[in-house]
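Visitor: Please work out how this folds:
(one chain, ligands or ions: 2)
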Amino acid sequence: MAATFGPKARSTIHEFDLIHALHQRHSRRTSSVIRGIGDDAAVITSRTGQWTVLTTDLLTEGVHFNLRTATMADIGFRAAAANLSDIAAMGGTPQHLLVALAIPRTGTSRHVHQLYRGMMAACHPHEVRLIGGDTSASSGGWFLSLTLIGMVPPRQALFRSGAQIGDGLYVTGTIGDSLAGLRLLNDPPPRASHHPRNATLSTRYRKFLTGRHLRPTARIAEGRWLSAHRFATSAIDISDGLSGDLRHICEESHVGVELDLGALPLSSACRAYAASRNLDPIDLALTGGEDYELLFTVSPRQRSRLEQSAIERGFSLTCIGKIQPLRFGRKALSPLGKRHRLAKTSYEHFT
Ligand code: ADP
Ligand code: MG
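Guide: Ligands and ions are numbered 1, 2, ... in the order given. I've put the predicted structure just below:
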């Protein structure tokens with residue numbers, strides 16, 4: 001899980017390279033492991049044939065969250081939503097939660113209760129039960145680790161690796177809102193601000209964007225629907241940013257992609273925020289992580305059934321591109337019809 005709230009601790013370690021090295025050295029194929037390191041969650045099976053989905057996330061104060069801009073309840077909510085979203089990306093149903101917590105000297109039981117209130121508020125709609133964890137004192141800040149366990153019917157899990165040439169690329173909801181919300185939270189308050197433009201964003205938009213950042217919705221129902229109807233050939237949740245998460249699908253599936261930037265679903269609040277800061281909202285959508293929307297691919301013969309079914313269920317989906325052969329690379333078609341190479345993480349870094 002990528003860090004966002006505060007300044008990311010400087011490190012010489014590159015997260016994805018490290019995970020790749022750990023994967024090479026320590027993970028071994030066994031029949032009980034359907035999917036190990038390298039997806040949104042692991043999938044294991046038992047002799048009875050059941051498939052279990054497992055995911056864990058660690059959140060660190062000052063790296064993933066900052067108590068200046070979020071309440072303990074918000075932090076708990078987001079932590080649970082991030083884990084729920086990884087289960088959603090596998091097409092699974094979340095069931096049980098384990099929580100490990102390190103509490104700093106300044107932490108009180110009130111803080112802890114607020115944290116759990118937030119976590120359980122995110123879990124409640126999905127009937128996820130807290131079944132255990134661990135507690136320690138911390139000589140630094142807060143550390144919060146969640147492990148979420150769920151199930152997926154055998155052979156119905158969605159992986160990052162199934163995208164096929166010709167598949168449509170889809171995303172749920174709108175993207176870029178969470179980054180806009182984060183930036184609003186980190187901006188100085190309007191009165192003390194040096195940004196007179198702060199005032200031009202309505203309170204409604206401001207609330208919507210900060211809410212999208214602090215209280216994201218995991219797309220559990222959408223993930224289950226995609227897997228149960230076998231609509232999706234691959235899926236991932238948007239936690240690191242569209243550009244980076246799309247790269248995971250392409251690398252794991254050995255395919256290229258053409259992303260249609262003019263089709264990206266942007267909320268009016270995100271557009272208004274971008275206009276007030278002289279930013280390109282497409283840039284926010286490409287680089288902003290933690291929207292926790294689902295990004296997935298659908299074969300051409302399933303697309304009309306998918307779109308019809310989405311309308312019937314009230315799910316919001318947008319087709320934003322097409323899977324291409326590996327040699328095509330990862331490209332973005334600008335709203336003006338120009339084709340660029342899609343950078344690893346940022347629109348600004350087009351080459
Ligand atoms: P996400 O952003 O979807 O939570 P991550 O980038 O955190 O995914 O993880 C990608 C994959 O690498 C997952 O399969 C995860 O279980 C695995 N992984 C991450 N960190 C470690 C680690 N320290 N040791 C072993 N596996 C890890
Ligand atoms: Mg994920």
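
Visitor: Residues of the chain that sit close to ligand 2?
Guide: With C-beta under 5 Å from the ion as the criterion, the chain meets ligand 2 at residues 40, 86, 237, 239. Where C-beta positions appear, they are placed from N, C-alpha and C, glycine not excepted.

Visitor: Show me those that map onto helices.
Guide: Under the assignment DSSP state H, these contribute D86 to helices.

Visitor: Would you list the buried entries among the residues of the chain next to ligand 2?
Guide: 40, 86, 237, 239 (16 or more other C-beta atoms under 10 Å).

Visitor: out of those, which one sits closest to ligand 2?
Guide: D40 (3.6 Å; C-beta to the ion).

Visitor: ok, the closest one - contacts?
Guide: 55, 85-87, 89-90, 160, 235-237 (C-beta atoms under 8 Å, 6 or more residues apart in numbering).

Visitor: Can you redo the residues you listed as CSV, where the extra columns are pLDDT and distance to ligand 1?
Guide: As requested, the contacts of D40 are exported to CSV (pLDDT from 0 to 100; distance: C-beta to the nearest ligand atom, whole Å):
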residue, pLDDT, distance to ligand 1
T55, 98, 7
S85, 98, 8
D86, 98, 5
I87, 98, 10
A89, 98, 7
M90, 98, 10
R160, 98, 9
A235, 98, 11
I236, 98, 7
D237, 98, 6
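
Visitor: how about the helices in this protein?
Guide: With DSSP H as the criterion, the chain has helices spanning 15-26, 72-89, 109-123, 177-186, 203-214, 220-228, 242-253, 268-276, 281-287, 303-313.

Visitor: deepest of those helices, which one?
Guide: Per residue and on average, the most neighbours among those fall to helix 72-89, with a mean of 27 (mean count of other C-beta atoms under 10 Å).

Visitor: Between helix 242-253 and it, find me the angle.
Guide: Note on geometry: by axes from the mean of the first three to the mean of the last three C-alpha atoms, to 10 degrees, helix 72-89 and helix 242-253 are set 30 degrees apart in direction.

Visitor: Pull the distance from helix 72-89 to the chain's centre.
Guide: 9 Å (C-alpha atoms, centre = their mean, to the nearest Å).

Visitor: Does anything pack onto it? Which helices or strands?
Guide: strand 51-60, strand 93-104, helix 109-123, strand 143-152, helix 203-214, helix 220-228, strand 232-237 (3 or more C-beta pairs under 8 Å, 6 or more residues apart in numbering; DSSP states H and E).

Visitor: export the fifth one as CSV, just CAs?
Guide: The C-alpha coordinates for helix 203-214 follow below in CSV (Å, rounded to 0.1, in the frame of the first residue of the first chain):
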residue,chain,number,x,y,z
THR,A,203,-18.2,24.1,0.7
ARG,A,204,-20.2,21.3,-1.0
TYR,A,205,-17.3,20.4,-3.3
ARG,A,206,-14.8,20.8,-0.6
LYS,A,207,-16.8,18.4,1.7
PHE,A,208,-17.3,15.9,-1.1
LEU,A,209,-13.6,15.8,-2.0
THR,A,210,-12.3,15.6,1.6
GLY,A,211,-15.0,13.0,2.3
ARG,A,212,-13.7,10.9,-0.7
HIS,A,213,-10.3,11.0,0.8
LEU,A,214,-11.1,10.4,4.5
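
Visitor: For D86, see how far away the residue most central in space within the chain is.
Guide: The chain has S239 as the residue nearest its centroid, 2.6 Å off, counting by C-alpha atoms, centre = their mean. To D86, S239 is 8 Å away according to C-beta to C-beta, to the nearest Å.

Visitor: Spell out which residues are contacts of both of these two.
Guide: Counting by C-beta under 8 Å, 6+ apart, nothing touches both S239 and D86.

Visitor: among the helices of the chain, which gets the worst mean confidence?
Guide: If you rank the helices of the chain by mean pLDDT, helix 15-26 sits at the bottom with a mean of 87.
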